[in-house]
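> Generate coordinates for the sequence data below:
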Amino acid sequence: MRFDVQKNTGFQRRNEERTPPQVYRLRQPGRIIVLGAGLVRASSRACTIVELSQRSAWLTTLTTLGVPDHVLLSIDGFAANIGCAVAHCGDGRLAVNFLAPLHEARLADIVEAALAGGVAPPLA
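Next comes the predicted model:
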């Protein structure tokens, strides 16, 4: 019996070209939510989303002290929180990778909301 591993696996071949992710430069306010032990108590701090893509974001905040490896990102004006793994933390800046990529429609909604406030267009 022969299996076709190329079919519908979702993986790209190594020699296929990949398009770089679209990165948007924003000034969208949000909140970093830190869950306590047992997911019972939560604390939050204000942040600003500086750069956003489908899989990650750069954030600025007053302090990064006490930020754990995993946080939730709440974007002002949007109901659902985004689960994040912290990739870099220091000097008032956080780089986070989303646990699941943002759906294209949701990313477009966030960018449109930010652009309505007169923010810069996507990076080239």
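
> Helices along the protein, start to end?
For the chain, the helices defined by DSSP state H occupy 104-116.

> Where in the chain is the helix or strand with the lowest mean pLDDT?
helix 104-116 (a mean of 88; mean pLDDT, DSSP states H and E).

> which helices and strands does that one pack with?
Counting contacts by 3 or more C-beta pairs under 8 Å, 6 or more residues apart in numbering; DSSP states H and E, helix 104-116 packs against strand 24-35, strand 42-52. For glycine as for every other residue, the C-beta is placed from the backbone atoms N, C-alpha and C.

> Show me what the first one is packed up against.
In this case it means strand 24-35. Using 3+ C-beta pairs under 8 Å, 6+ apart: strand 24-35 touches strand 42-52, strand 70-75, helix 104-116.

> do the last one as well
In terms of contacts (3+ C-beta pairs under 8 Å, 6+ apart), strand 42-52 is packed against strand 24-35, strand 56-60, strand 70-75, helix 104-116.

> what comes up buried for it?
45, 47, 49-50, 52 (16 or more other C-beta atoms under 10 Å).

> could I have that strand exported to CSV, CA atoms only?
C-alpha atoms of strand 42-52 as CSV (Å, rounded to 0.1, in the frame of the first residue of the first chain):
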residue,chain,number,x,y,z
ALA,A,42,-6.1,38.1,36.3
SER,A,43,-4.3,41.4,36.2
SER,A,44,-3.9,43.6,33.2
ARG,A,45,-1.7,46.5,32.1
ALA,A,46,-2.1,49.0,29.3
CYS,A,47,-0.1,48.6,26.1
THR,A,48,0.2,49.9,22.6
ILE,A,49,0.4,47.6,19.6
VAL,A,50,3.3,49.0,17.5
GLU,A,51,3.6,46.3,14.8
LEU,A,52,1.1,43.6,13.9
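
> What mean pLDDT does that strand get?
Averaged across strand 42-52, pLDDT comes to 93.

> Strand 24-35 and that strand, what's the angle between them?
Interaxial angle of strand 42-52 relative to strand 24-35 (axes from the mean of the first three to the mean of the last three C-alpha atoms, to 10 degrees): 160 degrees.

> If you compare the directions of strand 42-52 and helix 104-116, what angle comes out?
Using the same axes, to 10 degrees, strand 42-52 lies at 80 degrees relative to helix 104-116.
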